[in-house]
Each structure stands twice: as structure tokens, then as C-alpha cells.
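Participant: Whatever this is, show me its structure:
(2 chains)
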There are 2 protein chains.
Amino acid sequence: MEDNGPLKEALAATSAAIERVLDPFLALPGGPEDRVVEAMRYSVFSGGKRLRPFLVLASAELFGVDRTQALRVAAAIECIHCFSLVHDDLPAMDDDDLRRGQPTVHKAFDEATAILAGDALQSLAFEILSSEETHSDPFVRLTLVNELARASGHHGMVGGQIIDLTADRYDMDENFIHRLQQMKTGALISFSAEAGAIMGHASKAARASIQGYARDLGIAFQIADDLLDVEGEEHEVGKAVGKDADAGKATLVSLMGLERARNQARMLSDQAIEHLAGFDDKASLLRAVAHFAINRRA
Amino acid sequence: MEDNGPLKEALAATSAAIERVLDPFLALPGGPEDRVVEAMRYSVFSGGKRLRPFLVLASAELFGVDRTQALRVAAAIECIHCFSLVHDDLPAMDDDDLRRGQPTVHKAFDEATAILAGDALQSLAFEILSSEETHSDPFVRLTLVNELARASGHHGMVGGQIIDLTADRYDMDENFIHRLQQMKTGALISFSAEAGAIMGHASKAARASIQGYARDLGIAFQIADDLLDVEGEEHEVGKAVGKDADAGKATLVSLMGLERARNQARMLSDQAIEHLAGFDDKASLLRAVAHFAINRRA
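Facilitator: Got it, this is the predicted structure:
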């Protein structure tokens, strides 16, 4: 296990910074609709790794993007991520009681409130991205909206989740799982890393490098997640572990075995870093994320 | 009852036209994620009045907006409307089995699929609005995205739905119900009518007239809905009737009584039309909608 101390500090700082961005958007209106806003706050202010926001900030730094603006994009992406967690945890979906060591939103509130809080978090993401303060170039804002919408919808995150829910009907080989994960988590992770390139008007070549980085990082991150589900301790991971095995659900880890899966994750992390070869020290945060993705305990 | 024949034809033509816009966006990918796309298609291709799309087209015509572009905006708004219906019908929310005379999405598919189909319909709306084909002016596209997001989220539709779900905890007077309905259905109806003004770069004064029209129309429409719940026949209305009374739920109709409610709806419809006094014959579709809102049987 490497020393992730400095990165952990940076992740914590990111978390605090995006909470400051979201706080005014989620001010309690002071009416009977407060309940849904409280649930939205409960979801977005409950910690989490903030990997996606951190990727936005790291790629924004690489392309010389204003940090205040990058934080808004990071906050919007975290709204989408949190909305997906709130809905995925619902009884009709993964039926999870615990998230980040706390009761899930439908447990702390109720199912209807959880569904609505997720819905409103999605709307909020697009409200933030389309606001003038997010970027001075309207075409950048539109690209951010359009690509986030596509990463979130039936070609991306939602499509991946429906595949995951119905996966037991299919013969799940490695290709099947790769595609599932590319849609379910890869699309949003890729968009997070690309956001800085979009905001910084990066060249086509630079953007392709970031895309390659993000694709490999996304798979490495997911394998590490599956490894944690097998090897992790519930009190460290902050959610139920062993769920995949209990559900008889194939993962890359169950198909490859622990040893091959660990090697594959390491190889992908190295490969992700190789995509950054053309960049100088400004890409060091992105490199650190690739190390962190496979060396975390939660 | 007036003769709404010509308007009904126009509404049916609108319905067919926005289905043609949505069809390619909802092409089946041919993978295991087809299920969620089938549920999205089931929701958006199942008829309905298409009031909101029609409002977009009517206001677009008033402001000289290209119909092809207006149809895309109309389709996006219908995606948001359908997403809200799919989620509102869920067992954890209004628990409805019937919608437009057909099984609701969670009955025809299952709850998880219904939640995800609603989520992806929301994403799709923003994907469509942010696309270049929707309007040549990027600032118009951004305004459409931003205002639709705010009309849909916790300050608008979602906020209204949480108030509706928890309304029995409050002393519901007319003001309370007005605010609830302004958020739950009024915000999206207003945005639909304003969309044409936004697309047509309408003057501030013209936009204010449309806002006034849409506000009055929205309330009239809602009172007519409540009247149908009391007086309508299930086979005509296409969904369960008498639900509000069975649930002991106060509506403007239960607070005002049938006679006052009918008069109020008529007064609001007239008032909506008065806001259009400054416009010529090009506003005749909007005037027809105001008549239709209170004279429909479903």
C-alpha cells in the first residue's frame, strides 16, 4: 500500500470546495418542499471519495482552467453521481441500507423522497452547467451539458444500470462486463476527466490522450471496487461487502480470479499514466489519481 | 361543451410530429439495455394530450420561430413531462396502475425499469435542447436548458410533487394549493409557453404577456383536471378518477365547491386570453388552447 496521504488531503480539500459551491444552490426554501432539499443535502454532503470532482479539477489544472469555474463543473458532475447512487440504492434496484457508512437516503427519509431527490439532483446539474458563471464561452457550456446528458442517459449510466440489474439473464463474459461498466461508471468518469479539456479548449490530440487515460482509469477503478467487495472490510468500505458473491453475480474478479484481477488493475493504471506521457508536471495530479484508484481501501 | 374539433386535429398532428422527432433518439441500441429504451418509448409514444408541446408550437408560431426547431424543444419538454408521470405513478408515490388507459410503466415493465426510464428521459431532454440543431443561437439553447432545469427541479416540478405527497400534514388553504400547483404543473406549462418567446428573441414586454397567459392557463388547466377527477368517467379520462376524494385530499374544487371552481376556471381562461390582446391572429392557437384547457373531457 502506497502512501496516499497528500492525495487524500487534496481529495478532502476538493470535497470541502464543492460543498461550498453546492451549499447556496441547496439553501432550504423554507416551505413544505424543504424535505426534498434536505434529502438532496443529505446525499451530496455525506462525504464520498469525490473522485469525479477531483478528476475535473486535475484535468482543469492541466489545461489552465480557472479553478472557480472548474469547481462548478465538478459540483454538477457530483450531483449526477449522487443522484445515481440514491436511485441505485432504492429497494426496487440494489436495495442497499448503507452508503458511506450511513443509512441510504430512502432509509433516512423514505422512498418517494429519495426518488424525487435524485430527480432534482439531476436537474440541478444541468442548471449549474448552463449558468454563465460556469464558463465564459457559451459553446463550452453547451458541450458540457450535451456530453453530460449523454453520459448520464440510456447510452451511458442509466443504460449500464439496467444491464447490471438484468445481467443474470445473460452469459456474462469479460466483454459483457467491460461494456456494462463502461456505460455504468466509465462514461461519467471519462466525462469528468474530459471536462477540463473541454473547458480549456484543448487540442484534439490532447483530448484523445485524456480520453485514453480516463478509459483505462475507469476500468482499473471498477476492478479495484470489485476487489474491495471481495477483500474489503465493511467498516472500512462504508457499505455492505460480499454482495456480488452473495448475489451469484459475475464480476471481472470472479471471472479472472483475484491474482489476475489485481495484475490487470495495476496494468491498466500504468497504461492510464502512459497516456499522459505528452504532458509535463501539470499532469501529476492525474497520475496520482491513477495510483490511488487501485491502492485505496474504500 | 364547445366544438374543439379543429384544435383536436392540431393536437393530434403535434403528437405525431414530436414522435417523429423522438423516434431516432430512442432507436433500440440492440443490446441488453434495450429494456430501458423500450420503457422510454412506451411512455412517450402512448398518446396523451401533448398540451405542453402544443403550447411550444403555438408560441413559436407567434414569434416566427422555425417549426422544425420548435418541435425539438416541444419533444424535450414532453420528455420531462413523461419522466414526471412515470415517477409520479410509482408505488412509492401516487401508486397508479393506469395512465392514458394503459398500464403504467412500472406495471408494464417493473419498478426499477420505470425509475431508470424516467431518469433517462430527463437526460434526453437536456441532450436535445443543447444540440446545435435545436437553435442557431447558443445563448437561446443555454437559456432553454437553464430554465427547463429550474422548472423541473426542487424549485419547480419536483418541489411541487414533494409538497403534494406530504400535503396532508398541512392546513391546505387556497394559497397553499395554488403554490403547490404553480410548482408541480405550472412551472413546466409556463416554460412551454415561454419557449417560443425565448426562441424568437421576443421583447421583454411580449415575454411578460406570455408569462401572464401561461400562469392563468396553468391554474385553469389544473382546476379543470380536478373537476375531471370529480365529474369525469374513468373510461374517458383514461386514469382512475375520484382519487382525490378517496384520499381525503383537498383540491381547489373541494375547497371552492363545483360551481365556484367552474366559474374560476372560466374566468382564468378568459384572463389568459386577455394577456394576448397585444397580439394579432398569430396568437389564435394560444387562444384556442385556453378554451380547450377548460372544455376537455380528458
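Participant: and the stretch 151-298 of chain A, which residues reach chain B?
Facilitator: With CB under 8 Å from any CB of the partner chain as the criterion, the stretch 151-298 of chain A meets chain B at residues A:152-155, A:158-163, A:165-167, A:169-170, A:179, A:183. Heads up, the C-betas are built off the backbone N, CA and C, glycines and all.
Participant: at 10 Å instead, please
Facilitator: When proximity is defined by CB under 10 Å from any CB of the partner chain, the stretch 151-298 of chain A lies next to chain B at A:151-167, A:169-170, A:176, A:179-180, A:183.
Participant: Return stretch A:253-270 as PDB; C-alpha atoms alone will do.
Facilitator: Provided in PDB are the C-alpha atoms of stretch A:253-270 (Å, rounded to 0.1, in the frame of the first residue of the first chain):
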ATOM      1  CA  VAL A 253     -12.800 -10.500 -10.300                       C
ATOM      2  CA  SER A 254     -14.900 -13.700 -10.200                       C
ATOM      3  CA  LEU A 255     -14.100 -14.300 -13.900                       C
ATOM      4  CA  MET A 256     -10.400 -13.600 -13.700                       C
ATOM      5  CA  GLY A 257      -9.600 -14.700 -10.200                       C
ATOM      6  CA  LEU A 258      -8.000 -12.400  -7.600                       C
ATOM      7  CA  GLU A 259      -4.500 -12.600  -8.800                       C
ATOM      8  CA  ARG A 260      -5.200 -11.800 -12.500                       C
ATOM      9  CA  ALA A 261      -7.600  -9.100 -11.500                       C
ATOM     10  CA  ARG A 262      -5.000  -7.400  -9.300                       C
ATOM     11  CA  ASN A 263      -2.500  -7.500 -12.100                       C
ATOM     12  CA  GLN A 264      -5.000  -6.300 -14.600                       C
ATOM     13  CA  ALA A 265      -5.900  -3.300 -12.400                       C
ATOM     14  CA  ARG A 266      -2.200  -2.400 -12.000                       C
ATOM     15  CA  MET A 267      -1.600  -2.800 -15.700                       C
ATOM     16  CA  LEU A 268      -4.500  -0.500 -16.500                       C
ATOM     17  CA  SER A 269      -3.400   2.100 -14.000                       C
ATOM     18  CA  ASP A 270       0.100   2.100 -15.600                       C
END
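Participant: Among the residues of the stretch 151-298 of chain A next to chain B, name the buried ones.
Facilitator: Taking 16 or more other CB atoms under 10 Å in any protein chain shown as the criterion, what is buried in these is A:151-167, A:176, A:179-180, A:183.
Participant: Please list the members of these that lie in strands.
Facilitator: If you go by DSSP state E, those have nothing in strands.
Participant: residue ranges of the helices in the stretch 51-200 of chain A, please?
Facilitator: Along the stretch 51-200 of chain A, counting by DSSP state H, counting those that start in this stretch, helices occupy A:51-62, A:67-88, A:105-108, A:111-129, A:138-152, A:157-165, A:174-181, A:187-199.
Participant: Dump the first one to PDB, keeping only the CA atoms.
Facilitator: The reference is to helix A:51-62. This file holds the C-alpha atoms of helix A:51-62, laid out as PDB (Å, rounded to 0.1, in the frame of the first residue of the first chain):
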ATOM      1  CA  LEU A  51     -13.200  11.000  -7.300                       C
ATOM      2  CA  ARG A  52     -15.100  12.600 -10.200                       C
ATOM      3  CA  PRO A  53     -14.900  16.200  -8.900                       C
ATOM      4  CA  PHE A  54     -11.200  15.600  -8.300                       C
ATOM      5  CA  LEU A  55     -10.700  14.400 -11.900                       C
ATOM      6  CA  VAL A  56     -12.400  17.600 -13.100                       C
ATOM      7  CA  LEU A  57     -10.100  19.700 -11.100                       C
ATOM      8  CA  ALA A  58      -7.000  17.800 -12.000                       C
ATOM      9  CA  SER A  59      -7.700  18.000 -15.700                       C
ATOM     10  CA  ALA A  60      -8.700  21.600 -15.400                       C
ATOM     11  CA  GLU A  61      -5.300  22.300 -13.800                       C
ATOM     12  CA  LEU A  62      -3.600  20.500 -16.700                       C
END
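Participant: Quick one: check it for contact with chain B.
Facilitator: No - counting by CB under 10 Å from any CB, chain B is not contacted by helix A:51-62; separation bottoms out at 16.3 Å.
Participant: Show me what that helix is packed against.
Facilitator: Under the contact criterion of 3 or more CB pairs under 10 Å, 6 or more residues apart in numbering or on different chains; DSSP states H and E, helix A:51-62 touches helix A:5-25, helix A:67-88, helix A:187-199, helix A:204-231, helix A:284-295.
Participant: re the thing from before, could you export the helices of the stretch 51-200 of chain A as CSV, including mean pLDDT and distance to A:R215?
Facilitator: Compiled in CSV, those are given as follows (pLDDT from 0 to 100; distance: least, CB to CB, whole Å):
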stretch, mean pLDDT, distance to A:R215
helix A:51-62, 95, 13
helix A:67-88, 98, 17
helix A:105-108, 98, 30
helix A:111-129, 98, 22
helix A:138-152, 98, 13
helix A:157-165, 96, 14
helix A:174-181, 92, 10
helix A:187-199, 97, 6
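Participant: Could you say which of those helices is packed most deeply?
Facilitator: Most buried of the helices of the stretch 51-200 of chain A by mean neighbour count (mean count of other CB atoms under 10 Å in any protein chain shown) is helix A:111-129; its value is a mean of 28.
Participant: quick one: low-confidence ranges for the stretch 151-298 of chain A?
Facilitator: Where the stretch 151-298 of chain A drops to pLDDT under 70, the residues are A:233-241, A:245-246, A:248.
Participant: In it, what residue comes closest to chain B?
Facilitator: Closest residue of the stretch 151-298 of chain A to chain B, CB to the nearest CB: A:G153 (3.4 Å).
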